[in-house]
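Q: Attaching a predicted model along with its sequence, questions to come.
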Amino acid sequence: MFEKKDVAKRISELMLSIGKEVDDSLAFVQASCSPDEYEAYKDFVSKIMTSILLDVLNPVYQRHPDIKPPGLL
């Protein structure tokens, strides 16, 4: 995915930023909603994060391993 390294690097940065925002939203929902709403939202967030990792980031890092941030699984 993404032959051009500069495009791959920017997509990586954007997806990591989006992932952080989505992850941060969990704390907001937990503090603002019922436990049932939080659990439903957490399941939804899990699907988003899994898709970002498996469908976007892993293919990018497979093609351009040198742009993978240290510590990212």
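A: Now that the structure is in, tell me what you want to look at. No experiment lies behind these values; they were computed from the predicted model shown.
Q: surely K9 meets D66?
A: No - checked against CB atoms under 8 Å, the pair K9 and D66 is beyond contact range at 9.5 Å. C-beta: built from backbone N, CA, C; applies to glycine.
Q: Neighbour count for these two, which is higher?
A: A count of neighbours by other CB atoms under 10 Å puts K9 above the other of K9 and D66, at 15 against 7.
Q: what kind of secondary structure is that one in?
A: Secondary structure, DSSP: H, G, I helix; E, B strand; the rest coil: K9 is helix.
Q: Not counting sequence-adjacent ones, nearest residue to the residue nearest the centre of the chain?
A: The chain has G19 as the residue nearest its centroid, 3.3 Å off, counting by CA atoms, centre = their mean. Of all residues beyond its chain neighbours, the one nearest G19 is I52 (5.4 Å), with distances taken as CB to CB, 6 or more residues apart in numbering.
Q: I'd like to know how many residues surround that neighbour.
A: 17.
Q: what does the one 10 residues further on give?
A: Using other CB under 10 Å, Q62 has 10 neighbouring residues.
Q: Equivalent analysis for A8, please.
A: Neighbours of A8 (other CB under 10 Å): 19.
Q: Would you list the phi and psi of L72?
A: phi -80, psi 130 (degrees, to the nearest 10).
Q: Can you get me a residue count around it?
A: Per other CB under 10 Å, the neighbour tally for L72 reads 11.
Q: and if you look at K5?
A: For K5, the neighbour count with other CB under 10 Å is 13.
Q: Surely it and Y61 touch.
A: No - with contact defined as CB under 8 Å, K5 does not count as touching Y61 (11.7 Å).
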